[in-house]
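S.K.: the following block contains a protein sequence and its predicted model.
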Amino acid sequence: MTGVKTERLDRLLSRLGYGSRSDVQAWLRQGLITVAGTPARSPSLKVSPDDVLIDGKPMDHPYGLTVIYHKPLDAVCSHRETGRLIYDDFPERWACRKPALSSVGRLDKETSGLLIVTDDGQLNHRITSPKHHISRTYVATLHAPLAGDEAEVFASGKLLLKDDDKPCLPAELTVIDETHVSIVLHEGRYHQVRRMFAAVGNHVTELTRSHIGALSLASTALAPGEYRSTTPDALLRLISGTTQV
Ligand code: URA
């Protein structure tokens with residue numbers, strides 16, 4: 001590839017989570033790493049990622065990592081908490097990558113659905129920043145039947161949630177039946193859907209994120225816990241609806 005930056009071999013491998021610099025030294029001694037078809041000997045060799053094979057295999061996403069993921073119930077969007085973490089669904093090596101992977105926004109432990117995980121800070125900001133107007137759609141099951149005025153209250157732009165100092169942006173509610181709805185949000189506040197229904201005297205018993213922009217979970221055909229890698233450009237096209245999965 002032309003124009004690709006070169007990097008020290010040991011730094012590249014440790015940054016991609018393959019092992020420590022001393023692990024790399026050992027693999028070099030064993031002749032496990034080739035660069036442009038020749039066994040490499042020196043950890044300080046400047047390489048371009050495309051030229052490197054480890055045990056005959058190309059490196060794992062050397063130019064950055066972005067995945068579309070179906071977050072299962074009970075997995076936590078955190079690197080640190082105890083219990084099941086979303087990162088447990090990915091290869092162990094990914095936990096050691098630099099820059100680190102992080103989720104684009106968060107879904108609660110009890111919420112399933114579409115989640116993007118990336119090591120690309122600019123992409124993360126592009127999707128989360130309200131400036132870019134990327135909506136999120138959720139499907140919720142409610143404890144009590146709808147009262148009838150929820151769509152109006154949510155669309156009003158006047159709903160003030162407990163502990164917030166600004167009202168919610170207008171949100172669109174679609175009634176599926178008296179205890180099932182879909183709701184489109186244009187911002188991402190903590191536990192927002194649950195808190196919006198709590199504010200109108202109801203309780204969300206099940207919650208799934210079905211869409212980020214135009215990208216639907218259904219179109220990905222991913223089962224809970226499954227993921228697919230993509231590129232920032234391809235992802236942004238899916239989210240804007242200019243291409244389909
Ligand atoms: N709203 C919620 O209440 N929870 C989520 O995880 C996302 C939106």
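M.R.: Sure thing, it's come through.

S.K.: per-residue pLDDT of G3, please?
M.R.: In the prediction, the pLDDT value recorded for G3 is 70.

S.K.: tell me the SS of the closest residue in space to L159 that isn't next to it in sequence?
M.R.: With CB to CB, 6 or more residues apart in numbering as the criterion, L159 has its nearest non-adjacent residue at 4.8 Å, and that residue is C168. Placement of C-beta: from N, CA and C, glycine included. Assigned by DSSP: H, G, I helix; E, B strand; the rest coil, the conformation of C168 is coil.

S.K.: so C168 sits against H186, correct?
M.R.: No: judged on CB atoms under 8 Å, C168 makes no contact with H186 at a distance of 9.1 Å.

S.K.: with neighbour numbers in mind, choose between the two.
M.R.: Per other CB atoms under 10 Å, whichever of C168 and H186 has more neighbours is C168, with 22 against 14.

S.K.: for that one, phi and psi?
M.R.: Per-residue torsions, C168: phi -70, psi 150 (degrees, to the nearest 10).

S.K.: how near is it to the ligand?
M.R.: Taking CB to the nearest ligand atom, to the nearest Å as the criterion, C168 is separated from the ligand by 11 Å.

S.K.: again, but for R136
M.R.: From R136 across to the ligand, the span is 7 Å (CB to the nearest ligand atom).

S.K.: so what's that residue bridging to?
M.R.: Listed by DSSP bridges, the beta-bridge partners for R136 are L185, I212.

S.K.: check G113 too.
M.R.: K71, R209.

S.K.: ok, now the one 4 residues further on?
M.R.: When bridges are called by DSSP bridges, V117 pairs up with V67, S103.

S.K.: surely it and L85 touch.
M.R.: No: at 11.4 Å, V117 does not count as touching L85 under the criterion of CB under 8 Å.
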